[in-house]
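# pasted the sequence and its predicted model underneath.
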Amino acid sequence: MERDPSRVVAFSDAVIAIAVTLLVLEIRPPQDSRHLFHGLVALWPSYLAYLVTFMLIGQVWANHHVMFDQIRTADRTVLFLNTVLLMDIAFLPFAASVLAQAFREGEGQRVAVVLHGIVFEVAAILFNAIWEYARRHRRLLVTAIDSAGVKAISRRFRLALTWIATGTLLGALLPALGVAVIAAFIPFYWLPIRGEIARAGPPRGWRSGPLTARLRRTSSPPAFG
């Protein structure tokens, strides 16, 4: 059975919104108000983990919309893979907390960077799994996207696998370098994908009624004979 993906997108947006909100809870105010400035500066690992993870989750959200703008209908396989993707995203605040604590204490940094990278690598794998499944079952895609657009999105999603994996492996050797490589992923992935189709017109589930029909008539320009 196939379904309109609007509810999938709405539920995904909610989970992602909760995940990015939970990130800030890891940043706790300094307990010593007498040395407040020093305490705030000492929290730099928390700021770093918050910034990098928030922007990466933001990319997940943006590219999730890009992907589902091309998906016309969702079957049970798409629903299952998307659920696993959301489960991974919901784990990111924990991974960010571990990363911040490791850099704050100066120990376990390699493990923390690898954990953080693995969680994002799993998200990239699931992104690719959803998209590859949809492109192999072309009936799931909108008719407006052509083969060039499908291939362009595939190339962008596949690149994430290599990029994040490289940052994760480097993080196992040099934690700061691993974080830098993963962070460099942020500006590149905000670039638009050539061939992507943005949904236009009324939102999914929108139905025309008498009121909207009257509005269209009243908003139409007058005809001059």
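Thanks, I have it.

# tell me which element the residue positioned nearest the centre of the chain falls in.
Ranked by distance to the mean C-alpha position of the chain (Cα atoms, centre = their mean), the top residue is V60 at 0.9 Å. V60 is part of helix 44-70, with elements assigned from DSSP states H and E.

# which other helices and strands does that helix contact?
helix 6-23, helix 92-105, helix 109-136, helix 147-173, helix 175-189 (3 or more Cβ pairs under 8 Å, 6 or more residues apart in numbering; DSSP states H and E). Where C-beta positions appear, they are placed from N, C-alpha and C, glycine not excepted.

# okay if I get those helices as a markdown table plus distance to D32?
Output for the helices and strands packed on helix 44-70, formatted as a markdown table (distance: least, Cβ to Cβ, whole Å):
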| stretch | distance to D32 |
| --- | --- |
| helix 6-23 | 24 |
| helix 92-105 | 15 |
| helix 109-136 | 25 |
| helix 147-173 | 32 |
| helix 175-189 | 27 |
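
# mean neighbour count for the ones you listed - can I get that in JSON lines?
Converted to JSON lines, the helices and strands packed on helix 44-70 look like this (neighbours: other Cβ atoms under 10 Å):
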{"stretch": "helix 6-23", "mean neighbour count": "16"}
{"stretch": "helix 92-105", "mean neighbour count": "20"}
{"stretch": "helix 109-136", "mean neighbour count": "20"}
{"stretch": "helix 147-173", "mean neighbour count": "17"}
{"stretch": "helix 175-189", "mean neighbour count": "17"}
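
# still on that earlier bit, and the pLDDT for the residue nearest to the centre of the chain?
You'll see V60 listed with a pLDDT of 91.

# what do you get for A148?
Reading off the model, A148 has pLDDT 85.

# same check, this time on V179
You'll see V179 listed with a pLDDT of 95.

# now it: closest residue in space that isn't a chain neighbour?
Spatial nearest neighbour of V179, chain neighbours left out: V113 (6.0 Å); criterion: Cβ to Cβ, 6 or more residues apart in numbering.

# give the buried residues for stretch 77-89.
V78, L81, N82, L85, L86, D88, I89 (16 or more other Cβ atoms under 10 Å).

# distance of the fourth one relative to V150?
Going from L85 to V150 by Cβ to Cβ, to the nearest Å gives 20 Å.

# what about D32, how many residues nearby?
Using other Cβ atoms under 10 Å, D32 is surrounded by 8 other residues.

# kindly report the same for F37.
8.

# what helix or strand is it located in?
Assessed by DSSP H and E, F37 sits inside helix 36-41.

# coming back round to it: what is the helix or strand that comes right after the helix holding V60 packed up against?
Scanning forward in sequence from helix 44-70 by DSSP H and E, the next helix or strand is helix 76-90. Here helix 76-90 touches helix 6-23, helix 109-136, going by 3+ Cβ pairs under 8 Å, 6+ apart.
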